[in-house]
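what follows is a predicted protein model with its sequence.
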Amino acid sequence: MIEVMHLGKRYGEVLAIDDVSFTVAKGEILAFLGPNGAGKTTTMRILTCFMPATNGTAKVAGFDIFEAPMEVKRRIGYLPENPPVYPEMTVSEYLQFVAKIKGVPHPKIRAALASALEKCNLGDVSRRLIGNLSRGYRQRVGLAQAMIHNPDVLILDEPTVGLDPKQIIEIRELIKGLGGEHTIVLSTHILPEATAVCQKVVIINQGRIVAVDSQDRLSAQVRKSEKISVRVRRGEAVEPEKLLSIEGVQQILPQPAVDGEGVFIVEAELGRDVREALSKRVVESGWGLLEMKPLAISLEDVFLQLTTEEKGVEEAAAAPAPAEGVTA
Amino acid sequence: MKNILTLAEKELKLYFISPIAYVLAMVFLMVSDYLFHSQVFFYSTLSSQAMRAQGNAPQINLHEILFRPTFLNMSIILLLIMPLLTMRLFAEEKKGRTTELLMTSPLTITEIVLGKFLAAWFIYALLLALTLHLPVMLSHVTYVAWKPLVASYLGLLLMGGVFLSMGLFASSLTENQIVAAVISFGILIGFWLIGLTAQTAADSSVGEVFNYLSLIDHLDNFVKGMINTRDLTYFLSLTILGLFLTHRVVESQRWK
Ligand SMILES: Nc1ncnc2c1ncn2[C@@H]1O[C@H](COP(=O)(O)OP(=O)(O)O)[C@@H](O)[C@H]1O
Ligand SMILES: [Mg+2]
């Protein structure tokens, strides 16, 4: 249903996303997981034809985002990071307006409105001004807005951000219920959210996809140590014992090298920076230090930047939540 | 076309919800009435003096002496209040992040720009319609020449189109409504200054150019009851220019 091919986006000098590719099957709920600034919003804005990509392209329901943006827009419902609502309008007025601009034919607008209000549990507040609603209700209006034209694809950018635990659970249940009927891409920086709601997880960090996996296999990834790659001129002179005596260093892993150079990976205790001591020791030993770099950010490091616990939500989920009244 | 009307309808709804259109209407109405009545007062003093001197009222063109100055002064008032009518149009969408809704819906930028423009123009037409009670009132006491009045209102409508399209352009540049209003004041005052310069530099060739660019001179032709293609082209092309610039700005913001 969605096919993203080598997408890249540059904001002036900043490379926001680079070579992002993934696919989403019909009816699937995909989590787009990554820390803040990873490029989730950027990717979603490109998919929804809000802004053009610098490289690559994508297809939604078979239509190319560059060649047939109007067709793509008709088939996508999008909930941006901030629900795009007019506070001066009532919920019904607003949803009717959205239905019209999304191209819902006139005789079907009433039915579309009724169904969106019902699915998002907004019946009680349909005549209220959006500006007077609570954050949770406004988010639901945002969701209703995204699905009012019954699109094939729903793109939801951090749909639970800023909500309280009870509201988070409600919104997640709502989204889960929409899967199957709609293909959903949901972005989040919260690991449990991705595993709770979605069947497939794409992890993005610093604009690059670092893993695509089903949600249960992701939990197996654990981070153990800091890794530093070191390259020296005289490989044959290297004595690993000299490095192992540095405080914090746990292991030295020799790597294949060419031209008599030596390359090895130094594994150190998690959270300890041994680079200064390491470089000093290598130089003193006269091995000819050529290069020293922390290893490319791995999945484990990405996990460190993610929110992996949700105290309030877990507790609220455990306790049977009372039905929420109109608290707006 | 359907999309344009949907968008215009939404803008109108927002205009009627917010107090600003009502406040503007009230101020505009009061000032126009004042301007008109001060002309009436001026005229009646003039004619009674003339009567005392000659024993009978001289033949004076009422349109020329009552309506023409009123409409020309009105255009200055409009220059001051129109930016307040357009400042919200794009700035507020950006601030409220609703641009993302519009731009990810199957709408073209042209439709979005025209929808907003038409809504503002409609509100402006309503403002102008409020002043129709002046000629109607006058027609109860004396003969009113309707033909130049029709031309005058047409001229005012067209000039308003220029003001509104410039204001829309200003609004597309920023997400701050006040900044948008200030920018459109700047643009409109620029046109007004061109008019002033045209008067002082009347006989040089620069004066000719400035004369052509001056809004007031073109409006004055309409107000005198003359409708010619030169003035029509002038107002319409400036309006289209403003809309075109707005389109460009909105399009370019997608790339940022
Ligand atoms: N309009 C912009 N101009 C310049 N840089 C931007 C802009 N929007 C986002 N960025 C940068 O692009 C990167 C990705 O941002 P974003 O897609 O918003 O990430 P996320 O949604 O995952 O938090 C960040 O480094 C951010 O600073
Ligand atoms: Mg984001």
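Received it, and whenever you're ready, just let me know what you need. Residues are numbered from 1 along each chain as shown, chains lettered A, B, ... in the order given. Ligands and ions are numbered 1, 2, ... in the order given.

show me where pLDDT drops low in chain A?
Of all residues in chain A, those with pLDDT under 70 make up the ranges A:214-225, A:295-328.

can you list the domains in it?
Taking automatic domain parsing as the reference, chain A has its domains at A:2-220, A:224-294.

in TSV, list those along with distance to ligand 2 and mean neighbour count.
For the C-beta atoms, the positions are set from N, CA and C on the backbone; glycine is no exception. Shown next, in TSV, are the domains of chain A (distance: least, C-beta to the ion, whole Å; neighbours: other C-beta atoms under 10 Å in any protein chain shown):
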stretch	distance to ligand 2	mean neighbour count
domain A:2-220	3	20
domain A:224-294	26	15
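
any idea what the closest residue to residue A:23 other than its chain neighbours is bridged to?
Nearest non-adjacent residue to residue A:23, counting by C-beta to C-beta, 6 or more residues apart in numbering or on different chains: residue A:3, 5.1 Å away. Applying DSSP bridges to residue A:3 gives these bridge partners: residue A:23, residue A:59.

so who does residue A:3 touch?
Residue A:3 makes contact with A:23, A:58-60, according to C-beta atoms under 8 Å, 6 or more residues apart in numbering or on different chains.

which pair in these has the greatest spatial separation?
A:23 and A:60 (11.2 Å; C-beta to C-beta).

what do those two both touch?
Common neighbours of residue A:23 and residue A:60, counting by C-beta under 8 Å, 6+ apart, are A:2-3.

dump the domains of chain A into CSV; add distance to residue B:220 as well.
Shown next, in CSV, are those (distance: least, C-beta to C-beta, whole Å):
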stretch, distance to residue B:220
domain A:2-220, 39
domain A:224-294, 75
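
quick one, which of the ones you listed is nearest to residue B:177?
So among those, domain A:2-220 is nearest, using C-beta to C-beta, at 14.0 Å.

is ligand 1 contacted by the closest one?
Yes. Domain A:2-220 lies within reach of ligand 1 by C-beta under 6 Å from any ligand atom, at A:11, A:14, A:16, A:34, A:36-42.

sorry, back to before: distance of the residue nearest to residue A:23 relative to residue A:65?
Residue A:3 sits at a distance of 10 Å from residue A:65 (criterion: C-beta to C-beta, to the nearest Å).

which non-adjacent residue is nearest the residue in chain A that chain B sits nearest to?
Among the residues of chain A, residue A:84 lies closest to chain B, at 3.7 Å counting by C-beta to the nearest C-beta. The shortest distance from residue A:84 to any non-neighbouring residue, by C-beta to C-beta, 6+ apart, is to residue B:101 (3.7 Å).

quick check, residue B:178 in contact with residue B:87.
Yes. With contact defined as C-beta atoms under 8 Å, residue B:178 reaches residue B:87; the gap is 7.3 Å.

and the end-to-end length of stretch A:74-86?
Stretch A:74-86 has an end-to-end distance of 21 Å (C-alpha to C-alpha, to the nearest Å).

list the contacts of residue 75.
Because you didn't say which chain, this covers chain A. A:60-61, A:63, A:151-153.

chain B, not that one
Contact partners of residue B:75, counting by C-beta under 8 Å, 6+ apart, are B:156, B:159, B:215-216, B:219.

ranking those by neighbours, who comes first?
residue B:159 (27 neighbours; other C-beta atoms under 10 Å in any protein chain shown).

and the gap between that one and chain A?
Distance, residue B:159 to chain A, by C-beta to the nearest C-beta, to the nearest Å: 30 Å.

verify the stated contact: that residue with residue B:235.
Yes. Using C-beta under 8 Å, residue B:159 is in contact with residue B:235, at 6.1 Å.

need the residues touching each of the two.
Counting by C-beta under 8 Å, 6+ apart, the common neighbours of residue B:159 and residue B:235 are residue B:218.

show me the contacts for residue 127.
Picking chain A for this. Contacts here follow C-beta under 8 Å, 6+ apart; on that basis residue A:127 touches A:90-92.

the chain in question should be chain B.
In this structure, residue B:127 makes contact with B:24-25, B:28, judged by C-beta under 8 Å, 6+ apart.

by neighbours, which of these wins?
residue B:28 (21 neighbours).

ok, that residue touching residue B:130?
Yes. In this structure, residue B:28 is within contact of residue B:130 by C-beta under 8 Å, at 7.0 Å.

related to what we said a few turns ago, got a markdown table for the contacts of residue A:75, with secondary structure too?
Compiled in a markdown table, those are given as follows (DSSP: H, G, I helix; E, B strand; the rest coil):
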| residue | secondary structure |
| --- | --- |
| A:60 | strand |
| A:61 | coil |
| A:63 | strand |
| A:151 | coil |
| A:152 | coil |
| A:153 | strand |
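
strands of the stretch 201-328 of chain A, residue ranges please.
Using DSSP state E, counting those that start in this stretch, the strands of the stretch 201-328 of chain A run over A:208-214, A:226-232, A:249-255, A:262-268, A:289-294.

now do the shortest one: everything it contacts.
So that's strand A:289-294. Contacts of strand A:289-294 (C-beta under 8 Å, 6+ apart): A:226-233, A:261, A:275, A:278-279, A:282-283.

what's the answer for stretch B:130-143, then?
With C-beta under 8 Å, 6+ apart as the test, stretch B:130-143 has contacts from B:25, B:28-29, B:32-33, B:36, B:62, B:66-67, B:70, B:74, B:144, B:146, B:149.
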